[in-house]
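**Student:** For reference, the sequence and a predicted model appear below.
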Amino acid sequence: MRVGSPQHRDLFCRTFIETHRVFEPADLPWPQLEARHIDLLRAFPFWAFALSMEQEADRMIAAFARTIEDPLIREAVELQGAEEARHGRLLKTLFEQYGIAVAPLPPSTKPVGRDDFLDFGFSECTDSVIGFGGFALARQKQIFPPELLDIFEHVLYEEARHIVFFINWWRYEEAVAGRNNPLVRLANALKHSVRAVMHTAQGAQGAAVAPAALDLTGGGSQAILEGVSAKMFLEFALAENQRMMQRIDPRLLRPRIVPTLATAALLGLRMLPPREPVPSKELVAT
């Protein structure tokens, strides 16, 4: 199948549409949590930023979808926006279910263009791999009950679908426009990836100050990363990324930049002389 062909467009759009799962966050089987689990959830410092990101994604994608002429691609992009909006509702349900106080950030009113969708798509390609690693570690270390992690398994699979859809859409658009030089394409991908990372870092820094009622000492992120080396995190992130990608039609393109960079970093770390082990619960990447 040729990238940029009508067959390619039909495959990445219809695969995305047909794998959409219908549910509402309020109807999910939210488990009863022990106080220690709720304290860990409340101590995550970036809830407000995460919620604002999902809500901004909904607004931005809906606006961008209205500019798309191809009806099949527009339907798929609108569906992605609906899923991002549902992620926002899922976070709000999580907050209500476990009494997590989150101060909302003001919504953005800036105009939306194609570059915004590109920045967001490449940002998701980076954020998803990091999220995969954190999720796999949380499950391995049994920090939260499996019933709660099962709920977020669905979210992570949706993110995997999003980044595969995005990279196929981008490559399709580039091919149709005749932009087939791989070096130019790589440079553009890196440009949007760097812009996305800078935007995420700036937003996260601005949202990191949590309400005074939240105790950030020994928070959930610290519990997940405690005793975890960079090498171990990369191993978990890459293994989980591979597991998620295996659930998606193998004929579709996959994001390559972040997994390739992570693999190169992991190979470099494996060549370093061993360090003294840090006492922690034994972890094995699967």
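**Tutor:** Structure received. Numbering: from 1, shown residues only.
**Student:** For the host helix or strand of residue 61, list every residue counted as buried.
**Tutor:** Element membership for residue 61, per DSSP states H and E: helix 47-65. Within helix 47-65, the residues that count as buried by 16 or more other C-beta atoms under 10 Å are 47-62, 64-65. Just so you know, the C-beta spots here come from the backbone N, C-alpha and C atoms, and that holds for glycine as well.
**Student:** what's the span of stretch 18-36, first residue to last?
**Tutor:** For stretch 18-36, the first-to-last residue distance is 39 Å (C-alpha to C-alpha, to the nearest Å).
**Student:** what's the helix holding residue 61 packed up against?
**Tutor:** helix 71-98, helix 114-141, helix 182-207 (3 or more C-beta pairs under 8 Å, 6 or more residues apart in numbering; DSSP states H and E).
**Student:** pLDDT on the second one, on average?
**Tutor:** What that stands for is helix 114-141. Helix 114-141 shows a mean pLDDT of 90.
**Student:** what does stretch 80-98 give?
**Tutor:** Averaged over stretch 80-98, pLDDT sits at 94.
**Student:** In the stretch 151-286 of the chain, where is pLDDT below threshold?
**Tutor:** Where the stretch 151-286 of the chain drops to pLDDT under 70, the residues are 199-222, 275-286.
**Student:** Against residue 166, how distant is residue 188?
**Tutor:** 14 Å (C-beta to C-beta, to the nearest Å).
**Student:** meant to ask about residue 62, not that
**Tutor:** Counting by C-beta to C-beta, the gap from residue 62 to residue 166 is 16 Å.
**Student:** again with residue 35
**Tutor:** Counting by C-beta to C-beta - residue 35 and residue 166 are separated by 40 Å.
**Student:** Who has more neighbours out of those two?
**Tutor:** residue 166 (23 against 7; other C-beta atoms under 10 Å).
**Student:** List the contacts of that one.
**Tutor:** 121-122, 124-125, 255 (C-beta atoms under 8 Å, 6 or more residues apart in numbering).
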